[in-house]
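> Okay, here's the prediction I keep looking at, along with the sequence it came from:
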Amino acid sequence: MTEKTPPDDELNLNKPVAPPPELVDHLDDEQREPEWLTEATERPPETPHIDHYDDEDDPDRWQESEDTAELAANEDESAPEHPWSQAEHDAAEVVQLKIRRQDDPFSTPYWQLFDIPSHERDNVLSLLRTLREHPITGSGERVDPVAFEHQCMEEVCGSCAMLINGRPRMACSALIADLEQPIVLEPLPKFPLVRDLMVDRSRLFEHLKRVQAWIHVDGAWDIHQPGLRIAQQQWARDYLYSRCMHCGCCMAACPQYDEHLDFVGPATLAQVRLMNAHPNGRATRSTRLHAIMGDGGLSDCGNAQNCVKVCPKEIPLTTAIGELGRATTVQLIKDFFGSSEP
Amino acid sequence: MKGREVIVVGGGISGLWAALRLAESGHRVLLFSLFEVMRSHSASAQGGINAVLDIKGQRDSIFQHVQDTIKGGAYLANQPPVKALCEAAPGLLHTFERMGVMFSRTAEGLLDQRLFSGVRHQRTCFAGTSTGQQLLYSLDQQVRRLEAEKRIEKYEWWEFLAIVKSPQGRCCGIVAMNLRSLEVRPFRADAVVLATGGIGQLYAPHTTCSTSATGAAASRVYQQGAQFANAEFFQFHPSAMLGHDKTRLMSEAVRGEGGRVWVPRQARDRRTASAIPESDRFYFLEEWYPRYGNNVPRDLAARAIWKVTRMLGLGVGGGDRVYLDITHLDATMVEQRLGSLLTLYRKFSGIDPLSQPMEIFPAAHYSMGGLWIDYEKDASGSLVMGSPRNHATNIPGLYACGECDYAYHGANRLGANSLLSAAFSGRITGEAAAAYLSGLMQGHESLGDQPFEAEVRYQNQINHHFIHAGGDQNPYRMHRELGELMTTNVGVVRDNGPLDSSIVQLYDLEQRFARLHLAEGHPWANQTLAYARQVLDMVKLAQVVAVSARNRDECRGAHYKPAFDLEPPPHAYPGDAAYDSYRKRWQTNNTRWLKTTIAEYHPEGPRIHYEPVDTSMVAPSEPRDYR
């Protein structure tokens, strides 16, 4: 098959170069103590945990806590290293980020302030990306880059959820111009912390297993027939739920949801609503309903309605919960009378 | 025998399909992903997925789909796999329907279809403008079901670093790194499927791709001997938002639904868009390509925008931007069919596209090229389904599918064919790998621990070097330099001079890794370490792209070198003498260049050779002409 056609002179474009970096050679070098390992960061006490998200307050307002003042007082006044090139500074407005950091799940959290040049229409994520190139605090101290998750940068992958000025939301779509400064960033609550702004959301997916949020197909092969029809009106209602990206914002805002509690949370319930509405999902809907009729299910919802207020995709989560309430009641009656119908 | 271990790397549409089919064949699947699989870049695909269902009574046919795909790709794709792709599309669509994908519907409750570029039939099924997300989630749900049944085991937050080969050169497992603990660990398997996606980050930030589309995994197996094909064919999507952190995609569906691309006729016209009357608007795609208008294939649309802005100087405000206008369309229809895309534009630009035209410019989008893979065809020229040769790389036991393979799109991909090829290739790769596994006489058990331990040691040495190298080179800045270099010199328009210099600069960039400064020594969830390793492998892959592009002295699909352009003569059409002589020149060029580029790793730079293309179904007799 292989045709080695063009003559060598045509192909010999590879400029003579030195061999690739010899990675192994460097291993024997005497290691200098890296500057980034020096411990110099002030570690103020942990901020109060947000247990209940109260929408009555201005959601974007950050309560100036004592440690902010304390932190500011501790900052080194003596000639900070200039982290940005003059051009970068000239081009942009400087935005202040206040980030809650934690090196690993077992260490103490601390706060750091950063001044970052920002362009028009920048968002929190783009500033965090700028920051990782120059991880230098406002007082000129070089620190480890802030760990955070992101992926698509266009609010569809669900990765970059965090608390921004106290509100759970996606960092990519949080525009700087709309935020009060200093912009306070914290990891998403209710989930185990990994590092800095990264949390472990694997619980979300355990919830989905628990309620069997899937359509039980026999196998992923062709069965040579089209699917069942779905009316446009039904499609329009169901489609809303199919866009849930499992970012965890609704759970972070839900007073009933917590790492140590059983509740499967609003997003999971909405998936039950979605699967039960699909023509193929209906066959197994009682299984899903039973899964949310016990502990950790529907009755754990306290009707705080925070979920629907913070959902970045504006999914009508409370509508789903309402519909499921009626469906479980009907299921209960069916169970009582021993109906054979699913 | 049944029930061997198989590894799938990558949790996008293709990887999940492969995992599903492998698990359904009774094998134990280990699924690796950099993050929870539902975060994969497949979620960003907006517009739709092609399948000939002929819902709109336009006499669409499978053959037409095959022909459109082959011509759209400038005849560079091997035709048996393309035929199999188009034939399987309707069945795939119905399987997705069964899994619960919320496809948009007609008033009768049937699957709705819309128009995409490079075709003249409404062939694209869609779920609003979040089709990729919906397809990905339906597979994610199926995989979760099999995970709950212990038939698939997920390793999320693990990064693939290398394959491990037996002394005979067979792929017997991988070495991966835990992205939290940084533990480097071997995993044994009898076959490995790579479904690791595209390479758009080579052009960052001028790309529509997610941060994971680095091509690092493909680069790593390339450096271990896997062949990389057609690397010079990289698609620039005509319509991406402007942005300095990312250029977000505005789906081709916008034009399919009636959106029009234009610039003011007058250079640096200072009026607002709405104040410019029809007569002063230059609808250049409609004027230059009257038959296909705004729906010409992406390579032509991207180049037209390039020409209008960079050569004619007619970009809006004199800059790199043109209007994509939907203000003349019915607001209710647009909202229903393009809703989430409009929301995206509003959120990130602050402008409502229903009242003001969007501003767009081409951006790096999709790699037609990728790991070289095999296929088996029967006497009639059709793909042999279930053959272990399908999607096999040149390393036995290593398979590739999805955007990281090179198979279906030739020199230019048609819109909405990528979700199709991702799904189809994943499915048949799962089946092919299953066939390979059942034919194996001896598994990885016969192999000692030595090759695994050696690879782990080597990978740990790289980590050690990266963490402790005391230089001055910041990986984030090197990535930006790479993106600028590739965008400028290996972009929409290419010339041999800049390509030569970029090859030199890329080698220089590689050398600079010896002077790396990671600036982070933290042993837990150290993101800079994983990132720096990716950037090095991206530079290696960029060399393949640049050298492949330098070697191909012609224009074909997305690979455009003005010095070798063969334009159809203006105002001449088939039948005219001028056109016939153009056709002759075009055919002569094909005898020289209609062939697959194959790159092989060599420490001093990629070695290139070529392989003939199978054109057994649609003979390359007529040039592409969308005028």
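Nice, thanks for sending it over.
> B:E335 and B:L342 touch, don't they?
Yes - if you go by C-beta atoms under 8 Å, B:E335 and B:L342 touch, sitting 6.8 Å apart. To be clear about C-beta, it is placed using only N, CA and C from the backbone, and glycine gets the same treatment.
> Between the two, which contacts overlap?
By C-beta atoms under 8 Å, 6 or more residues apart in numbering or on different chains, B:E335 and B:L342 have these common neighbours: B:L354.
> neighbour-wise, which of the two wins?
Neighbours were counted for B:E335 and for B:L342 using other C-beta atoms under 10 Å in any protein chain shown; B:L342 has more, 21 against 13.
> what about the helices in the stretch 401-550 of chain B?
Assigned by DSSP state H, counting those that start in this stretch, the stretch 401-550 of chain B shows helices spanning B:418-439, B:450-468, B:475-489, B:496-511, B:527-551.
> Highest mean neighbour count out of the ones you listed?
Comparing those by mean neighbour count (mean count of other C-beta atoms under 10 Å in any protein chain shown), helix B:418-439 ranks first with a mean of 25.
> Do me a favour and average the pLDDT over that helix.
The pLDDT scores in helix B:418-439 average 98.
> which secondary structure elements does that helix contact?
On a contact count with 3 or more C-beta pairs under 8 Å, 6 or more residues apart in numbering or on different chains; DSSP states H and E, helix B:418-439 meets helix B:13-24, strand B:49-50, helix B:79-98, helix B:131-148, strand B:191-194, strand B:398-400.
> again, only using 6 Å
helix B:13-24, strand B:49-50, helix B:79-98, strand B:191-194 (3 or more C-beta pairs under 6 Å, 6 or more residues apart in numbering or on different chains; DSSP states H and E).
> looking at the ones you listed, which is closest to B:S42?
For these, the distance to B:S42 is smallest for helix B:13-24, at 4.3 Å, taking C-beta to C-beta.
> residues in contact with the closest one?
Identification of contacts with helix B:13-24 by C-beta atoms under 6 Å, 6 or more residues apart in numbering or on different chains yields A:219-220, B:6, B:8, B:29, B:31, B:42, B:135-136, B:139, B:142-143, B:146, B:151-152, B:193, B:195, B:401-402, B:422-423, B:425-427, B:429-431, B:434.
> Wondering if the following helix or strand past that helix reaches chain A at all.
Toward the C-terminal end, the helix or strand that comes next after helix B:13-24 (DSSP states H and E) is strand B:28-33. No - using C-beta under 6 Å from any C-beta of the partner chain, we find that strand B:28-33 stays clear of chain A, coming within 11.4 Å at best.
> What strands flank strand B:28-33, and is each parallel or antiparallel?
According to DSSP bridges, strand B:28-33 forms sheet pairs with strand B:5-9 (parallel), strand B:152-156 (parallel).
> can you list contacts of the helix or strand following the last one?
By that I understand strand B:152-156. Sequence-wise, the next helix or strand downstream of strand B:152-156 (DSSP H and E) is strand B:158-165. With C-beta under 6 Å, 6+ apart as the test, strand B:158-165 has contacts from B:9, B:32, B:34, B:171-179, B:192, B:217, B:220-221, B:224, B:451-452, B:455, B:459, B:530.
> Get me the contact residues on the stretch 1-150 of chain B for chain A.
Residues of the stretch 1-150 of chain B found near chain A (C-beta under 6 Å from any C-beta) are B:20, B:24, B:39, B:43-44, B:91, B:94-95, B:97-100, B:102, B:105, B:109, B:130, B:133-134, B:141, B:145, B:148.
> where are the low-confidence patches of the chain?
You didn't pick a chain, so chain A it is. Within chain A, the segments meeting pLDDT under 70 span A:1-91, A:339-342.
> should've been chain B
For chain B, applying pLDDT under 70 flags the ranges B:1-2.
> Could you chop it up by domain?
Split into domains by automatic domain parsing, chain B comes to B:247-362, B:450-612.
> can you tell me which of those comes nearest to A:E314?
For those, proximity to A:E314 was assessed by C-beta to C-beta; domain B:247-362 is nearest, at 8.8 Å.
> Straight-line length of the closest one, end to end?
Chord length of domain B:247-362, first to last residue, is 9 Å (C-alpha to C-alpha, to the nearest Å).
> and that domain, how far from the chain's centre?
Distance, stretch centre to chain centre, for domain B:247-362: 23 Å (C-alpha atoms, centre = their mean, to the nearest Å).
> quick one: is that domain near chain A?
Yes - applying C-beta under 6 Å from any C-beta, one finds domain B:247-362 in contact with chain A at B:248, B:344, B:347.
> Do I have it right that the last one meets A:S173?
Just to be clear, that refers to B:K347. Yes - counting by C-beta atoms under 6 Å, B:K347 touches A:S173, with 5.1 Å between them.
> So which elements touch the longest helix anywhere in chain A?
As assigned by DSSP state H, the longest helix anywhere in chain A is helix A:317-337. With contacts taken as 3+ C-beta pairs under 6 Å, 6+ apart, helix A:317-337 sits against helix A:266-277, helix A:285-291, helix A:306-310.
> Restrict it to CA atoms and write it as CSV.
In CSV, the C-alpha atoms belonging to helix A:317-337 read as follows (Å, rounded to 0.1, in the frame of the first residue of the first chain):
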residue,chain,number,x,y,z
LEU,A,317,-36.2,22.4,38.8
THR,A,318,-39.0,23.2,41.2
THR,A,319,-41.6,22.5,38.5
ALA,A,320,-40.0,19.1,38.1
ILE,A,321,-40.1,18.5,41.9
GLY,A,322,-43.8,19.5,41.9
GLU,A,323,-44.6,17.1,39.1
LEU,A,324,-42.7,14.3,40.8
GLY,A,325,-44.7,15.0,44.0
ARG,A,326,-47.9,14.3,42.2
ALA,A,327,-46.4,11.2,40.4
THR,A,328,-45.1,9.7,43.6
THR,A,329,-48.5,10.2,45.3
VAL,A,330,-50.2,8.3,42.4
GLN,A,331,-47.5,5.7,42.7
LEU,A,332,-48.2,5.3,46.4
ILE,A,333,-51.9,4.7,45.7
LYS,A,334,-51.1,2.2,43.0
ASP,A,335,-48.7,0.4,45.4
PHE,A,336,-51.4,0.4,48.1
PHE,A,337,-54.0,-1.2,45.9
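> So what touches it?
Helix A:317-337 has contacts (C-beta under 6 Å, 6+ apart) with A:250, A:266, A:269-270, A:273, A:289, A:293, A:298, A:301, A:305, A:307-308.
> Make CSV from those and add distance to chain B to it.
Below are these laid out as CSV (distance: C-beta to the nearest C-beta, whole Å):
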residue, distance to chain B
A:C250, 16
A:P266, 17
A:L269, 16
A:A270, 13
A:R273, 13
A:L289, 17
A:M293, 19
A:L298, 20
A:C301, 23
A:Q305, 22
A:C307, 19
A:V308, 17
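> between those, which is nearest B:N489?
Among the contacts of helix A:317-337, and counting by C-beta to C-beta, the member closest to B:N489 is A:C250, at 45.9 Å.
> distance of B:S355 from chain A?
Going from B:S355 to chain A by C-beta to the nearest C-beta, to the nearest Å gives 18 Å.
> Using just helix, strand and coil, how would you label the residue nearest to that residue when sequence neighbours are not counted?
Among residues not flanking B:S355 along the chain, B:T327 sits closest, at 6.5 Å (C-beta to C-beta, 6 or more residues apart in numbering or on different chains). Three-state call for B:T327 (DSSP: H, G, I helix; E, B strand; the rest coil): coil.
> What distance do you get for B:T327 to B:R281?
B:T327 sits 12 Å away from B:R281, going by C-beta to C-beta, to the nearest Å.
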